[in-house]
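Novice: give me the fold of what follows.
(2 chains)
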Amino acid sequence: MALLQIARLSKSYDNETKVLKDISFSVKAGEFVSIIGPSGAGKSTLLRCVNQMVPISSGEVIFDNAPVTQLKKRALRQLRTNIGMVFQHYNLVPRLTVIENVLHGRLGYKTTLQGIMSRFTEKEKEQAFYLLRKLGIEEHAYKRCDQLSGGQQQRVGIARALIQGPKLVLCDEPIASLDPNSSKIIMDHLKSITSELGITCLVNLHQVEVAQQYSDRIIGLNQGEVVFDGTNYQLTEEKTNRIYGTEMRELITV
Amino acid sequence: METVANPTYMKRKRNGRISIKAGSKSERVIRLTMMLLFVLTVTAFLLFDYTGLELWTAIVETGQNLKVMFFEPALNHFTWAEAFYQVGVTLGLAVLSTIIGAVIAFFLALMAATNLSKEWVTKVVRVIVAFIRAVPTVLWVLIFAIAAGLGSEAAVLGMLFHSIAYLVKAFSEAFEEVDKGILEALRATGSSWWHVVIHGIMPSTFTYILSWTFLRFEINFAVAVAMGAAAGAGGIGFELFMASGFYFDLSEVGFITYAILIIAIILEVFSTQLKNRYFPSSVRN
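Specialist: Down below sits the predicted model:
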């Protein structure tokens, strides 16, 4: 059964240039899907259309049998609790501690007053520490986030997404600002989210090799259109060239 | 390296040297304004009325007055206890208007920040606030004096009014500086607007809010001194007014000036200490 269905999705920011054109695909529960494509292809916009961080222009996004487009405030908040999000620049609150940042993932379940008073249950706090332990950064729990390295901050970001108890995790270029070593750690953690916890992952990536190595399925995006959709071994060099509109050997491989 | 025959993008000054300024309109306007100000200043000095001015005597007498003020400070018309009490009154005026002002300004600033509020709301709040800020504090005090009568009530109300307008601008700009990504991340977890404010905006801007409030407190203290004289709000300002305007007692003026100076220094030290010790911008390992 498809967890996420996207049908004829279009998005334009200024009514003239379409960032996304007529995109359709569906993602099954438990899949690890990478979206690759050149800069400006609309990868980030596509991810944000799924949890309505940007309103879509036309088409339909159905998540967990609910049409995302029609949701209003309260229902939208509820939808977002089911979708975790990981960012390129981690987007943590730098002046707060690691544990506080992780617990932000639970705010979607709180009433306004509970959230303002930071009323997190003991169970939630234990869960936060459990996740930090799993990600190998429990020792930093009481440090301020701006003291952590990039790779560690990204792991806090993953913990924040996981504590939501999501069905889907959206990752917007999770390793684009990291060194190769940290990148591997992050990708391994993301992979284990799918393989161990059965949570679906939709990951924007720059690196073709990484996408091929980790994903069950790859979606290639170019100028707002899906130009490739298939398993990682179907992604031949010729197909890659089509996605990037250039010869593979001309790309700088990192 | 070959030289470009026809450098289309390179701009040269009149003397042929390569220009590194963009030569934009705003630069020209700034230069024109500076020149105009310079010319006006020079002409103003030429047009002053210098009759009856004996420059040397004036300088010496001013020096004499300053010497009496600052080297022979004394209390002649009231006691130490009274002086303390009056300083306390002035501080009270400043504290009241700053604290209440900061609280109200915080909420208005949330409405005035473009990343937190609807566009028309921010515009309305900003226009009102800009209008309030354009009118000097003294005028607001006098305006409120119509309703409340000259005295501390009018002074607090007027200072409060201007403090709010000032702090709304400062706070809302601090709020807008908060990284967009932080707000996006919080919204993506399903947080409500208040959650974003409390958990994203507040921790990121707390030190700014604190330092702006302290700055305004210092301003309000100075204004409260002036209000004592101008609006009969009492406090050390009124004593200063009496000492200089009624008794012509320069040593007492000197004493009061010292008192105000000491309070200002204490406030400054206190605020820096508070900021550095409890709300550091970065943690040292």
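Novice: so how far is the helix or strand harbouring B:Thr257 from its chain's centroid?
Specialist: If you go by DSSP states H and E, B:Thr257 is part of helix B:250-278. Distance of helix B:250-278 from its chain centroid, counting by CA atoms, centre = their mean, to the nearest Å, is 16 Å.
Novice: which strands and helices sit next to it?
Specialist: Judged by 3 or more CB pairs under 8 Å, 6 or more residues apart in numbering or on different chains; DSSP states H and E, the packing partners of helix B:250-278 are helix B:55-71, helix B:80-112, helix B:202-230, helix B:236-241. (C-beta placed from N, C-alpha, C; glycine too.)
Novice: let's go with 6 Å and repeat that
Specialist: Here helix B:250-278 touches helix B:55-71, going by 3 or more CB pairs under 6 Å, 6 or more residues apart in numbering or on different chains; DSSP states H and E.
Novice: what residues are up against the residue in chain B positioned nearest to chain A?
Specialist: Here chain B gets closest to chain A at one residue, B:Gly190, 2.4 Å apart by CB to the nearest CB. Contact analysis of B:Gly190 by CB atoms under 6 Å, 6 or more residues apart in numbering or on different chains lists A:77, A:80-81, A:108.
Novice: again, but for A:Lys28
Specialist: Per CB under 6 Å, 6+ apart, neighbours of A:Lys28: A:Ala2.
Novice: rerun at 10 Å
Specialist: Residues near A:Lys28 by CB atoms under 10 Å, 6 or more residues apart in numbering or on different chains: A:1-4, A:200, A:216-217.
Novice: inside strands: which ones of these?
Specialist: Mapping the contacts of A:Lys28 onto strands (DSSP state E) picks out A:2-4, A:200, A:217.
Novice: pLDDT weak spots in chain B?
Specialist: B:1-8, B:279-285 (pLDDT under 70).
Novice: and the contacts of A:Lys28 as CSV, adding distance to chain B?
Specialist: Shown next, in CSV, are these (distance: CB to the nearest CB, whole Å):
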residue, distance to chain B
A:Met1, 24
A:Ala2, 22
A:Leu3, 17
A:Leu4, 16
A:Thr200, 16
A:Asp216, 24
A:Arg217, 23
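Novice: with only the CA atoms kept, save the helix or strand where A:Ser44 lies in CSV.
Specialist: Using DSSP H and E, A:Ser44 sits in helix A:43-50. Extracted in CSV, the C-alpha atoms of helix A:43-50 (Å, rounded to 0.1, in the frame of the first residue of the first chain):
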residue,chain,number,x,y,z
LYS,A,43,14.1,18.9,-5.0
SER,A,44,13.7,21.0,-1.9
THR,A,45,10.4,22.4,-3.0
LEU,A,46,9.1,18.9,-3.7
LEU,A,47,9.9,17.7,-0.2
ARG,A,48,8.2,20.8,1.3
CYS,A,49,5.1,20.2,-0.7
VAL,A,50,4.7,16.9,1.1
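Novice: can you tell if it touches chain B?
Specialist: Yes - counting by CB under 10 Å from any CB of the partner chain, chain B has neighbours in helix A:43-50: A:47-48.
Novice: state the distance from B:Val127 to B:Ala174.
Specialist: Distance, B:Val127 to B:Ala174, using CB to CB, to the nearest Å: 20 Å.
Novice: the more surrounded of these two?
Specialist: In terms of neighbours (other CB atoms under 10 Å in any protein chain shown), B:Ala174 is the more surrounded of B:Val127 and B:Ala174; the figures are 20 against 10.
Novice: setting aside sequence neighbours, what's the nearest residue to that one?
Specialist: Leaving aside its chain neighbours, B:Ala174 sits nearest to B:Tyr208 (4.0 Å; criterion: CB to CB, 6 or more residues apart in numbering or on different chains).
Novice: pretty sure that neighbour is touching B:Phe171, no?
Specialist: Yes - using CB atoms under 10 Å, B:Tyr208 is in contact with B:Phe171, at 7.7 Å.
Novice: which one of the two has more residues nearby?
Specialist: The neighbour count for B:Tyr208 versus B:Phe171, taken as other CB under 10 Å, is higher for B:Phe171 (25 against 18).
Novice: the more buried one belongs to a helix, doesn't it?
Specialist: Yes - counting by DSSP: H, G, I helix; E, B strand; the rest coil, B:Phe171 is found in a helix.
Novice: find the nearest non-adjacent residue to it, please.
Specialist: Counting by CB to CB, 6+ apart, B:Ala109 is the residue found nearest to B:Phe171 once chain neighbours are left out, at 3.4 Å.
Novice: which ones are touching that neighbour?
Specialist: B:102, B:116-117, B:125, B:129, B:164, B:167-176, B:201, B:205, B:209, B:212.
Novice: list the contacts of A:Gln5.
Specialist: A:Gln5 neighbours (CB under 10 Å, 6+ apart): A:24-27, A:60-65, A:67-68.
Novice: actually A:Ser26, sorry about that
Specialist: Residues near A:Ser26 by CB under 10 Å, 6+ apart: A:1-7, A:62.
Novice: how about it, secondary structure?
Specialist: A:Ser26 ends up strand, using three-state DSSP.
Novice: quick check: the gap between it and A:Val33.
Specialist: Applying CB to CB, the value for A:Ser26 to A:Val33 is 10 Å.
Novice: who touches both of those two?
Specialist: Listed as contacting both A:Ser26 and A:Val33 by CB under 10 Å, 6+ apart are A:Leu4.
Novice: next, A:Ala66: phi, psi?
Specialist: Main-chain dihedrals, A:Ala66, degrees, to the nearest 10: phi -120, psi 130.
Novice: pretty sure it contacts A:Ala75?
Specialist: Yes - A:Ala66 lies in contact with A:Ala75 (CB under 10 Å); the separation is 8.0 Å.
Novice: got the residues of the stretch 101-250 of chain A near chain B?
Specialist: A:101, A:103-118, A:143-144, A:146-147, A:157, A:160-161, A:163-164, A:166, A:170, A:172.
Novice: contact residues of chain B facing chain A?
Specialist: Proximity of chain B to chain A, by CB under 10 Å from any CB, involves residues B:178-207, B:279-285.
Novice: and for the closest residue to chain B within the stretch 101-250 of chain A, the neighbour number?
Specialist: Nearest residue of the stretch 101-250 of chain A to chain B, counting by CB to the nearest CB: A:Gly108, 2.4 Å away. Neighbourhood size, A:Gly108 [other CB under 10 Å]: 25.
Novice: returning to what we had before: mind checking the backbone torsions on the residue of chain B closest to chain A?
Specialist: phi 90, psi 20.
Novice: list the contacts for the spatially closest residue to it that is not a sequence neighbour?
Specialist: Using CB to CB, 6+ apart and skipping the chain neighbours, the partner closest in space to B:Gly190 is A:Gly108 (2.4 Å). Taking CB under 10 Å, 6+ apart as the criterion, A:Gly108 is in contact with A:77-83, A:115, A:164-166, B:186-192, B:195.
Novice: show me those that map onto helices.
Specialist: A:77-81, A:115, B:186-188, B:195 (DSSP state H).
Novice: which pair in the residues you listed spans the largest distance?
Specialist: Spanning the widest gap among these are A:Leu79 and A:Gly115, at 17.4 Å by CB to CB.
Novice: more crowded one of the two?
Specialist: Legend: neighbour count by other CB under 10 Å for A:Leu79 and A:Gly115, higher for A:Gly115 (23 against 19).
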